[in-house]
Structures are given as C-alpha cells and as structure tokens.
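Engineer: The following block contains a protein sequence and its predicted model.
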Amino acid sequence: QGTCWLRVIEEPEALRPVVERVRAQGIRVCLRLALICRPTHEEAVRAVEELLPANGNENTTSLKNDSEMYREGAKLTQDQRWLSRSLWIGFVRNHGPVWTTLLGTPREIADAFLAYKAIGVSEFIISGWPEIDEVDVFGREVLPLVRAAEQGFVKPNWDDRRSNMEERQM
C-alpha cells in the first residue's frame with residue numbers, strides 16, 4: 001500500500017469526496033499542476049495563451065499513449081481550455097493532463113492552495129513557465145500569503161505585493 005496518492009489537479013469540490021476516502025485510509029494526497037502567477041488575472045491568462053503552440057500540432061501525448069489519463073486528455077478539442085476561472089487545460093491536449101494549470105494573481109493562487117489544504121490535500125508537485133521565474137514568484141509572492149493565512153495573521157497589503165511583482169518584471 002502506498003503512503004501518498006498522486007493525481008492531477010481539479011476543482012476542490014470535485015476532489016473532496018475522493019480525497020476524504022483516501023485520507024480515511026491514512027494515505028496523503030498530492031496534486032500535480034502547472035502554475036502561472038502574474039500581477040493580474042488577465043496577465044496570467046495572456047501568459048498561458050502565448051505559450052500555446054502556434055500551429056496547434058506540437059504534441060508530446062503520443063509518447064505516453066499507454067495511459068488512460070493521456071488518452072482522455074488527447075480527446076479534448078482545441079476549444080476546451082477552462083475547467084474554472086483559475087484552472088486552465090489548454091496545454092492538456094498537446095502535453096497531457098499533468099499540465100493542467102492553476103493561474104491567477106498571488107492572492108488567487110494562495111486562496112486556491114488553502115482551499116486544497118482545507119479538503120485534505122497535503123502535498124503538491126508544481127511546474128511553471130518559465131520554471132525558475134515561477135518558482136521565484138511562488139516563493140516570494142504566494143507562499144508567504146499561504147503561511148500567513150495558516151497562522152491566522154493579518155494578510156499582507158496586496159497593493160505592496162503587486163508593486164513588488166511589477167518591479168521585478170521591469
């Protein structure tokens with residue numbers, strides 16, 4: 001028996017029943033996701049859309065066609081890009097379900113991580129574009145908001161955080 005169940009990110013309410021069943025067996029839950037964090041939601045949306053292959057033909061899912069998860073992802077049409085306001089599946093058709101992307105502002109992403117924690121998710125495997133920049137933004141902008149909320153501290157001034165992100169992007 002495993003000690004951690006890994007799955008691709010979905011909306012918290014869709015995951016809640018299965019997370020509860022898995023946690024009841026003493027197994028931790030880990031979500032796999034990609035991350036795009038920008039000062040505004042609109043900038044995050046533009047960032048992911050700019051990463052789409054120009055001709056739509058770039059595809060790595062055929063290399064993994066033995067997985068039901070990848071076969072299902074390959075069936076998505078090019079028009080199917082959103083699970084919710086902050087969960088984008090535009091890369092799934094070309095690169096597979098592990099590229100389901102959580103996107104938004106630092107506060108939106110922090111709130112999402114807190115929602116997953118509230119339903120029992122304890123671990124995350126995160127990718128981003130560009131990878132080093134997203135890790136930096138996550139560590140500087142998102143994680144402090146999550147930790148402050150976990151400890152019940154007053155949330156930081158969001159305008160100051162946005163200014164910091166904008167300065168780094170210049």
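Structural biologist: Received, thanks. Since the structure is predicted, the reported quantities are computational estimates derived from the model, not experimental observations. Numbering: from 1, shown residues only.
Engineer: counting residues per strand, which one in this structure is longest?
Structural biologist: Criterion DSSP state E: the longest strand present in the chain is strand 28-37.
Engineer: List the buried residues in it.
Structural biologist: 29, 31-37 (16 or more other C-beta atoms under 10 Å). In this view, the C-beta of every residue, glycine as well, is placed from N, C-alpha and C.
Engineer: Repeat that for stretch 15-22.
Structural biologist: 15-16, 19, 22.
Engineer: and of those residues, the nearest to T3?
Structural biologist: Distance to T3, by C-beta to C-beta, is smallest for V22 among these, at 10.9 Å.
Engineer: my guess is that closest one meets V29, correct?
Structural biologist: Yes. Between V22 and V29 there is a contact at 5.6 Å, judged by C-beta atoms under 8 Å.
Engineer: quick one: common contacting residues for these two?
Structural biologist: Listed as contacting both V22 and V29 by C-beta atoms under 8 Å, 6 or more residues apart in numbering are 5, 120.
Engineer: How about the contacts made by I125?
Structural biologist: I125 touches 6, 30-33, counting by C-beta under 8 Å, 6+ apart.
Engineer: Which residue is the nearest non-sequential neighbour of L35?
Structural biologist: In space, and not counting its chain neighbours, L35 is closest to G128: 4.5 Å by C-beta to C-beta, 6 or more residues apart in numbering.
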